[in-house]
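Engineer: Here you go, sequence then predicted model.
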Protein chains: 2
Amino acid sequence: MLKYALLGLLQYNPSTGYDLKQFMDTSTSNFWHAKLSQIYITLKALEKEGLVTSDVQEQTSRPDRRVYTLTEQGTQELDKWLRDTNVELPQLKDPFLLKLFFCARLDKESLLVQLKLQRDLHQKLLNEYRTDTKATIQNVRENVPQLKKDALFWGLTLRSGELIEEATIRWLDEAIETINKEI
Amino acid sequence: MLKYALLGLLQYNPSTGYDLKQFMDTSTSNFWHAKLSQIYITLKALEKEGLVTSDVQEQTSRPDRRVYTLTEQGTQELDKWLRDTNVELPQLKDPFLLKLFFCARLDKESLLVQLKLQRDLHQKLLNEYRTDTKATIQNVRENVPQLKKDALFWGLTLRSGELIEEATIRWLDEAIETINKEI
DNA sequence: TGATACATGTAAGGGGTTACATGATTTC
DNA sequence: GAAATCATGTAACCCCTTACATGTATCA
């Protein structure tokens, strides 16, 4: 799947692994993330498959940059993936919910501390979505005409994050209330 | 993390790997899942760590059952994990959102088909939560007094699923409308 | 007659994390 | 003087998925 994230990002600009990591961290991190080491490995594999090419830009005081470019074949692979319908739901893994499932063993105070901390973290993320992320996308929409349509879709994924964070915060408030009443 | 899922489930009953798989599929699958092969491997590792013990129950017309039991040390490990506060948000990976991020490349019709299919899948899951899953938990709450407190927490994780599915469906409706209007 | 449930496991390979290695430049 | 930024990569390890291997009993 990282494969497609990289192909997708490379359609905008030829980039180094380092660039792609930065871009992911500020755009897809909400629903997709990767470590630099894995990005380098995957880029190498994509080149072997002929989906990207790379050339080295020499630098003096920095390590040389290996810049990857999407090939025609890579573009086709990306399009094929986009058309291929997801017929299943994402199988998410959420360590916090797993823990909560077994929390009958835990004392009330620790429990409330953990729920409130999660609430804070989600609230912070939601605020970030509503300010920074929103502004970044708005900026592209207004100032980079050739990415206007892309920005619409980025906005949809952002809106998903916003609605899910709102729901999560409401749930945590409800859970805190339940615990306070019933334990 | 699967480690803790298994320790947590074993607190209720000594079980085989097969049993644990069944149990996970009907209780935690919403936020944690695993393949049988991985469960067998992890149980073996837990036994090596001294967190569970196993004994074999011979059967005639079926393969023998290897029944795992939580040890005192295992119980302590589980409690330690429960008390250990999650100071970060879950790093979720959602292939559908990743794809949507790049969907400016896709034609409107395919796009709408994919969004509507996702909507159906999420609606089905939500219905399941509201009927089957809810009933199962309610049943334990009313008929198994020693698990009444546990059932409260199971209910909280179910409620999280319900709220998130509702939010997701609302988001998909909104997205479909946006696409219809703006593309 | 074929699928499903029961029941356990191994092997190969993919994907991901953490740690290690290097090293100049810029910023605090 | 220390930390962050830029920049690439390897190695070890862990977790997970898919496929393979085995075999009876029951249900449709």
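Structural biologist: Happy to help now that I have it. Keep in mind the model is a prediction, meaning the values are calculated, not measured.
Engineer: Tell me which stretches of chain A form strands.
Structural biologist: Counting by DSSP state E, the segments of chain A that form strands are A:52-57, A:65-70.
Engineer: what helices or strands is the last one leaning on?
Structural biologist: Contact analysis of strand A:65-70 by 3 or more Cβ pairs under 8 Å, 6 or more residues apart in numbering or on different chains; DSSP states H and E lists helix A:2-10, helix A:17-25, helix A:36-48, strand A:52-57 as its packing neighbours. Heads up, the C-betas are built off the backbone N, CA and C, glycines and all.
Engineer: how about that strand: buried residues?
Structural biologist: By neighbour count with 16 or more other Cβ atoms under 10 Å in any protein chain shown, strand A:65-70 contains the buried residues A:65-68, A:70.
Engineer: same check, this time on the first one
Structural biologist: Under the neighbour-count criterion of 16+ other Cβ under 10 Å, strand A:52-57 has A:52, A:54 buried.
Engineer: Name the single longest helix found in chain A.
Structural biologist: Counting residues, the longest helix in chain A under DSSP state H turns out to be helix A:148-182.
Engineer: Nearest spatial neighbour of A:Leu156, chain-adjacent residues omitted?
Structural biologist: If the residues on either side of it in the chain are set aside, A:Leu156 comes closest to B:Ala175, at 5.2 Å by Cβ to Cβ, 6 or more residues apart in numbering or on different chains.
Engineer: nope, A:Ser15 is what I was after
Structural biologist: That would be A:Tyr68: by Cβ to Cβ, 6+ apart, it lies 6.2 Å from A:Ser15.
Engineer: Up against DNA strand D, what does chain A have?
Structural biologist: Taking Cβ under 7 Å from any atom of the strand as the measure of proximity, chain A contacts DNA strand D at A:16-19, A:22, A:36-37, A:40-41, A:43-44, A:59, A:62-67, A:91.
Engineer: rerun at 10 Å
Structural biologist: Taking Cβ under 10 Å from any atom of the strand, the part of chain A that reaches DNA strand D is made up of A:15-22, A:35-41, A:43-44, A:47, A:54, A:56-57, A:59, A:61-68, A:91, A:93.
Engineer: Now, of those, which are buried?
Structural biologist: For these, burial is judged from neighbour counts taken by 16+ other Cβ under 10 Å, and it is met by A:15-17, A:19-21, A:39-40, A:43, A:47, A:54, A:65-68, A:93.
Engineer: can I see the domain layout of chain A?
Structural biologist: Here the domain parsing of chain A from automatic domain parsing is A:2-83, A:95-182.
Engineer: A:Lys116 is in contact with A:Ile176, isn't it?
Structural biologist: Yes: in this structure, A:Lys116 is within contact of A:Ile176 by Cβ atoms under 8 Å, at 6.8 Å.
Engineer: higher neighbour count, these two?
Structural biologist: A:Ile176 (16 against 13; other Cβ atoms under 10 Å in any protein chain shown).
Engineer: Give me the nearest residue to the more buried one, chain neighbours excluded.
Structural biologist: The shortest distance from A:Ile176 to any non-neighbouring residue, by Cβ to Cβ, 6+ apart, is to A:Leu115 (5.2 Å).
Engineer: ok, that neighbour to DNA strand D distance?
Structural biologist: Distance, A:Leu115 to DNA strand D, by Cβ to the nearest atom of the strand, to the nearest Å: 24 Å.
Engineer: touching DNA strand C at all, the longest helix of chain A?
Structural biologist: No: contact of helix A:148-182 with DNA strand C is not found when judged by Cβ under 10 Å from any atom of the strand; the minimum separation is 17.8 Å.
Engineer: Can you check what angle separates that helix from helix B:148-182?
Structural biologist: Orientation of helix A:148-182 against helix B:148-182 (axes from the mean of the first three to the mean of the last three Cα atoms, to 10 degrees) gives an angle of 160 degrees.
Engineer: Packing partners of helix A:148-182?
Structural biologist: Helices and strands in packing contact with helix A:148-182 are listed as helix A:108-128, helix A:134-143, helix B:95-101, helix B:148-182; criterion 3+ Cβ pairs under 8 Å, 6+ apart.
Engineer: Please repeat the previous calculation with a cut-off of 10 Å.
Structural biologist: Contact analysis of helix A:148-182 by 3 or more Cβ pairs under 10 Å, 6 or more residues apart in numbering or on different chains; DSSP states H and E lists helix A:95-101, helix A:108-128, helix A:134-143, helix B:95-101, helix B:148-182 as its packing neighbours.
Engineer: Buried residues, the last one. List them.
Structural biologist: This points to helix B:148-182. By neighbour count on 16+ other Cβ under 10 Å, the buried set for helix B:148-182 is B:150-169, B:171-172, B:175-176, B:178-179.
Engineer: ok, of the buried ones among the residues of chain A next to DNA strand D, which one's closest to chain B?
Structural biologist: Within those, the smallest distance to chain B is 5.7 Å, found for A:Lys93 (Cβ to the nearest Cβ).
Engineer: quick one, what contacts the closest one?
Structural biologist: The contact partners of A:Lys93, by Cβ atoms under 10 Å, 6 or more residues apart in numbering or on different chains, come to B:1-2, B:5, B:28, B:31-34, B:90-93.
Engineer: Let me have the residues you listed in JSON lines, extended by pLDDT.
Structural biologist: Putting the contacts of A:Lys93 into JSON lines (pLDDT from 0 to 100) gives the following:
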{"residue": "B:Met1", "pLDDT": "95"}
{"residue": "B:Leu2", "pLDDT": "98"}
{"residue": "B:Ala5", "pLDDT": "98"}
{"residue": "B:Thr28", "pLDDT": "96"}
{"residue": "B:Phe31", "pLDDT": "97"}
{"residue": "B:Trp32", "pLDDT": "97"}
{"residue": "B:His33", "pLDDT": "97"}
{"residue": "B:Ala34", "pLDDT": "97"}
{"residue": "B:Pro90", "pLDDT": "93"}
{"residue": "B:Gln91", "pLDDT": "93"}
{"residue": "B:Leu92", "pLDDT": "94"}
{"residue": "B:Lys93", "pLDDT": "96"}
